[in-house]
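Colleague: prediction below, plus the sequence it came from.
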Amino acid sequence: MWNQRYSEQPYAYGTAPNNFIKACLDTQKPGKILFAAEGEGRNAVYAAQLGWEVEAFDLSASGRDKALTLAKQNKCEITYTVSDALSYQGGPYDAAAFCYFHTPVKVEDCYGHLVNLLHPNGVVVFEGFSVKNIGMGSGGPQKADMCFTVEGVSNLLKDLQSVEVWEEKVVLNEGKYHQGEAWVIRAQGVK
């Protein structure tokens, strides 16, 4: 499904970074960062433009190809691997970004494995669709077990320090597939 979506033109979720991920990156000192399930690379490329050493992965080879093209167009470099979350190896990282990383299986194992790839004091930023977003028409999974709650994200990030998790209604304008009012869960924490 993701190879098919990312084979479409133009970029399925646009080429501009997600607003929350951008705001978080803008306040951090650049280091080495991991982007999980990065799709077509919009967030990874933005981070690379800020001076981050960027590594990313996704299941989709089409997503990787478009991400590498976007990086070349923006005269920056990213390292991008086709992999699933549990098989991915890398790091250690100073930060990890999870932007709409919804997985139908072993969500706790996936997030736990990736958070373990961080240095001590590594920063996590997270945005995902809330269960309240089902039926909103703005994109995202339409099954409760694929969406997030504040409690669920708090549990995913329970081993971090200084964790903040909240639900927020936002207006998305991210390419063809994220448009309109949406309920999201946002979080930040430190390993």
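Modeller: Arrived safely, thanks for sending.
Colleague: now do the same contact list for the spatially most central residue of the chain.
Modeller: The residue lying closest to the centre of the chain (C-alpha atoms, centre = their mean) is Cys99, at 2.2 Å. Contacts for Cys99 (C-beta atoms under 8 Å, 6 or more residues apart in numbering) come out as Asn18, Phe20, Ile21, Phe35, Ala37, Glu38, Asn43, Phe126, Glu127, Gly128. (Each C-beta comes from the backbone N, C-alpha and C, glycine too.)
Colleague: give the burial count for the first one, as a bare number.
Modeller: What that stands for is Asn18. 24 (other C-beta atoms under 10 Å).
Colleague: just the strands from the protein, written as ranges.
Modeller: 32-36, 53-58, 79-82, 93-99, 118-129, 161-174, 178-190 (DSSP state E).
Colleague: packing partners for the last one?
Modeller: Contact analysis of strand 178-190 by 3 or more C-beta pairs under 8 Å, 6 or more residues apart in numbering; DSSP states H and E lists helix 19-26, strand 118-129, helix 150-156, strand 161-174 as its packing neighbours.
Colleague: can we see that at 7 Å?
Modeller: In terms of contacts (3 or more C-beta pairs under 7 Å, 6 or more residues apart in numbering; DSSP states H and E), strand 178-190 is packed against strand 118-129, helix 150-156, strand 161-174.
Colleague: next: the fifth one.
Modeller: Strand 118-129 sits against helix 19-26, strand 93-99, strand 178-190, with contacts defined as 3+ C-beta pairs under 7 Å, 6+ apart.
Colleague: how about JSON lines for these, with distance to Asp145 and mean pLDDT added?
Modeller: Below are these laid out as JSON lines (distance: least, C-beta to C-beta, whole Å; pLDDT from 0 to 100):
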{"stretch": "helix 19-26", "distance to Asp145": "23", "mean pLDDT": "98"}
{"stretch": "strand 93-99", "distance to Asp145": "17", "mean pLDDT": "98"}
{"stretch": "strand 178-190", "distance to Asp145": "15", "mean pLDDT": "97"}
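Colleague: looking at those, spot the one closest to Glu108.
Modeller: strand 93-99 (13.3 Å; C-beta to C-beta).
Colleague: picking that back up, how about the helices and strands packed on strand 178-190 in TSV, adding distance to Tyr93, mean neighbour count and mean pLDDT?
Modeller: Below are the helices and strands packed on strand 178-190 laid out as TSV (distance: least, C-beta to C-beta, whole Å; neighbours: other C-beta atoms under 10 Å; pLDDT from 0 to 100):
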stretch	distance to Tyr93	mean neighbour count	mean pLDDT
strand 118-129	5	20	98
helix 150-156	17	17	96
strand 161-174	16	14	97
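Colleague: the ones you listed: which one's closest to Pro141?
Modeller: That would be, of these and by C-beta to C-beta, strand 118-129, which comes in at 6.2 Å.
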